[in-house]
Structure formats: structure tokens, C-alpha cells
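*Asks:* I would like to see how this sequence folds:
(2 chains)
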Amino acid sequence: MRVNDDGTVTIGMTDIAQSLAGPVLHAKAKKVGVVRKKGRPIATVESGKWVGPVKCPVSGEIVEVNEKLVSDAHLLNRSPYQEGWVIKMRPSNLDEDIEDLLTGEAAVEAYRAKIENDGVTCTHIEGSDEY
Amino acid sequence: MAKMALDLSQNKYSEVSFEEKEKLFEEAKSDGRWEHILNGCYECGICVAACPSARFYDFSPRVIAQAVAREDVDLVYTLMNDSIWDCSQCFSCDRCPRQNSPGQIITVLREVAVRNGLQTAKKALEGYGRIIYKIMSTGSQVSPDMLQPDAFPDWGKHVHEISANLEVWRKALPPETMHTIETGWNVDDKTIIELYLIWHMTGVMDLIEGIDEGLFMILVDVMEERLEEAGYDVAFD
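*Replies:* Numbers count the residues shown, from 1 in each chain, chains lettered A, B, ... in the order given. The predicted structure is shown next:
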């Protein structure tokens, strides 16, 4: 999740999540206007061997859906942090919801530890030279 | 072919209390089918001879039938975790001269394992998430878009070419209902609504929730929306 300047948040999959899922075939997001509580699904992602939800880490209303994913779900694999975002949401309680989340360096460190512990190999993606 | 050896040492699951193991076994025995599928065993081995899984895995339907007949609670628990998922549920073992059905005993044991959220059951079913999602959300079991190189490498090198041009291949089929990619055929609205109501009324969704919460979430999402459109006020949570 990324907090944007206009107060919305952009939600998508992480590199580790798309790597584990494998080539994505379908990414079906909920419609604009749908209100979701934190932790609920905002999209269903299907790959050749896996299906699961993309959950929203904060509560809010969906204000934009990435239409490019409808015709090209592989974008999620090629560019999870930039072109392959899933939805934008106007959060209803961001300050409180974000307290439960790790941000910045702390998030990077926790993720690095998870990748090492789980033995996941992330596929290379644009915009990140970390992995 | 190298077989992975089944570890039947009695202390494999020693961290699980005998009472817990016994509770699961009693749950299996209280199933209405139990008295019809377990009689006695001659040890003739016909079930093993007929069993395709026994040829490829360290798996024996006779071991299952004997363990439950002897009421060996520890062994049944080990088998419930490490062996019953190797059965292909073909019921070739139903040719037992004593009318035992190791295959159906396994069906009951699997249901107990799923109902109780055993970690090994979750692991065994992990790879089936997309198939369960497909069946339960669309009413059609296998769809063309499941034919992907990473999921079915055993289909050979042509799987790449086929999966890249699915729409073209499907249009080559004469019946109109078959020009689908995400489902095996066009599924009637009435059929899918009835299926959703059956999943809801029979408690199947509770089983799914115990095994795969993510799968449960997305199924509920799909079903509640469609049922609401059809005029049903149904909540799965």
C-alpha cells in the first residue's frame, strides 16, 4: 500500500506475493464505490496454480480500479509496484488503521526477514534493485 | 520409481494428546456410513492389489482398514495425517470380499481431518484451491484457462502454445456453450444460484473457512453479490 498526496491510497500485490502466485491470469477488482473494511478482499487474483484475495490493509471506499489489469493481468507480475497496482481507495480512518502496519525501513526489514525465512525467490521487477 | 517412505513410528505425533486423537477417531466412527464400510479383514490383499496408489506411493488400503478395525488410535491419527491423502478415491478397493471399503473409510477420515482443520489436510489441499474456487464459484470443474505451463508442465511442450491461444482453440469447437475460457461451458444462472444455496445450506462453506480463509473470503464475496442480485438475502459469515 502506498499513501498518495491526494489522501487516497494505492493498493496492490507485493513482489513476494506475485512471485509466489506465479503468472497471473485474472485479477478481478471490486467496483468503484464499494466500501470495504480493513482486512476484507478488494480483488481476486488467479494464477495457474493459485487463487486468493488481495486484502485492503485499511478501511475505505474504492475510488479507482486499474482497468489495464482486465486485459493484461500479467502486469501484476511485471510491475507490481508501479503499473500493476490493483485499486485506489479513499481511506475512512487512515491514521488509526496505519498504526497496525509497518512502514518505511521497518517494513523493508520485516519483509527481508520473511523472504529469507520462507526461502522465497522474488522475480525481478522494475523499480526495485533490492532483490 | 522411488517411493517416499511412510513413517509409522508410534511417537510421530506424540505432541498431540491421546484424548485429541481419540476424539477425532470417535468422530469418524460416529459417521452414519461407518458400519456399512468396515466389517472385518481376511488380510487377503485384494484391495492392495487393485489399488493404483499403492503402486506409486508407500500407501496401503489394507493398513488403513486394519488400523481402524483394530481401533489403533495413535496409528489412525498418523495415517489421517500422512497417508489418507495418497488415496485417489477410485474405490477399486471396493472389490473386498468382506465388503470393506478402505476408500470410503478414507473419505470419512478426510472429512474429519478437514472439519478439524488438521495442518496436514490444509497442506494436502493447498494445490486444489483454484479448482475448488472454480467449481464453487462457476459450477464448472475444469476450465480451459487452467491449462497453464506452470500448473501442468506434464502436458508437454505444446501446453505453451495452447495456453497462449486459448480463445482461438475454443472457437474451433462447434457447440456455442463451449466458447468459454474461464468456465468449461456456459453455466446457466439458475444452476449457479442453486449451487450457491446448496453450499450455504449444507455447511460446505464452514469447511472451506477452516481450511483456507483466503479462499473462503473470495467465495463469499462472489456468492453474496450474485445471490443478492437474484433476490436472496444470505450471509455466509
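*Asks:* surely B:I64 and B:I106 touch.
*Replies:* Yes - using Cβ atoms under 8 Å, B:I64 is in contact with B:I106, at 6.2 Å. C-beta: built from backbone N, CA, C; applies to glycine.
*Asks:* mind listing the shared neighbours of those two?
*Replies:* B:I84 (Cβ atoms under 8 Å, 6 or more residues apart in numbering or on different chains).
*Asks:* tell me how many other residues crowd residue 117.
*Replies:* As the question left the chain open, I've gone with chain A. 8 (other Cβ atoms under 10 Å in any protein chain shown).
*Asks:* chain B is the one I meant
*Replies:* By other Cβ under 10 Å, neighbour count at B:G117 equals 12.
*Asks:* do the same with B:D237
*Replies:* If we define neighbours as other Cβ under 10 Å, then B:D237 has 8 of them.
*Asks:* ramachandran angles for residue 95?
*Replies:* Going with chain A. Dihedral pair for A:D95: phi -60, psi -40, per degrees, to the nearest 10.
*Asks:* quick one: least confident helix or strand in chain B?
*Replies:* The helix or strand of chain B with the poorest confidence is helix B:158-164; it has a mean of 84 (mean pLDDT, DSSP states H and E).
*Asks:* and the next helix or strand past it?
*Replies:* Moving toward the C-terminus from helix B:158-164, the first helix or strand encountered (DSSP states H and E) is helix B:166-171.
*Asks:* tell me the pLDDT of the nearest residue to A:W50 once chain neighbours are set aside.
*Replies:* Nearest in space to A:W50, with sequence neighbours left out and distances taken as Cβ to Cβ, 6 or more residues apart in numbering or on different chains, is A:A21 at 5.0 Å. The confidence metric pLDDT takes the value 88 at A:A21.
*Asks:* same question for the one 5 residues further on.
*Replies:* pLDDT for A:H26: 90.
*Asks:* and the contacts of stretch A:78-86?
*Replies:* A:10-15, A:17-18, A:27, A:29, A:42-43, A:54, A:65-66, A:68-69, A:75-77, A:125-128.
*Asks:* just the buried members of these?
*Replies:* Neighbour counting with 16 or more other Cβ atoms under 10 Å in any protein chain shown marks A:10-15, A:17-18, A:27, A:29, A:42-43, A:54, A:65-66, A:69, A:75-77, A:125 as buried within the contacts of stretch A:78-86.
*Asks:* who in chain A is up against chain B?
*Replies:* Within reach of chain B by Cβ under 8 Å from any Cβ of the partner chain, chain A has these residues: A:22-23, A:25-26, A:30, A:40-41, A:44, A:46-53, A:55.
*Asks:* which among those end up buried?
*Replies:* Judged by 16+ other Cβ under 10 Å, buried ones among these: A:22-23, A:25-26, A:30, A:40-41, A:44, A:46-53.
*Asks:* identify, from those residues, the entry nearest to chain B.
*Replies:* Nearest to chain B among these: A:G48, at 3.1 Å, using Cβ to the nearest Cβ.
*Asks:* OK, contacts around that closest one?
*Replies:* Contacts of A:G48 by Cβ under 8 Å, 6+ apart are A:G22, A:P23, A:L25, B:R130, B:M146, B:Q148, B:P149, B:D150, B:A151, B:F152.
*Asks:* against which helices or strands is the lengthiest helix in chain B packed?
*Replies:* The longest helix of chain B (DSSP state H) is helix B:213-229. Judged by 3 or more Cβ pairs under 8 Å, 6 or more residues apart in numbering or on different chains; DSSP states H and E, helix B:213-229 is in contact with strand A:41-47, strand A:51-55, helix B:129-138, helix B:189-202, helix B:204-211.
*Asks:* right, and these - which one's nearest A:R112?
*Replies:* Relative to A:R112, the nearest member of the helices and strands packed on helix B:213-229 by Cβ to Cβ is strand A:51-55, separated by 21.6 Å.
*Asks:* give me the sheet partners of that closest one and which way each runs.
*Replies:* With DSSP bridges as the test, strand A:51-55 is paired with strand A:41-47 (antiparallel).
*Asks:* so how far is the strand it pairs with from its chain's centroid?
*Replies:* In this view, strand A:41-47 has its centroid 10 Å away from the chain centroid, taken as Cα atoms, centre = their mean, to the nearest Å.
*Asks:* what does stretch B:130-147 give?
*Replies:* Worked out by Cα atoms, centre = their mean, stretch B:130-147 lies 14 Å from the chain centre.
*Asks:* what about that stretch, start to end distance?
*Replies:* 12 Å (Cα to Cα, to the nearest Å).
*Asks:* then stretch B:52-63?
*Replies:* By Cα to Cα, one end of stretch B:52-63 lies 15 Å from the other end.
*Asks:* now B:N81: which helix or strand?
*Replies:* Assigned by DSSP H and E, B:N81 falls in helix B:73-82.
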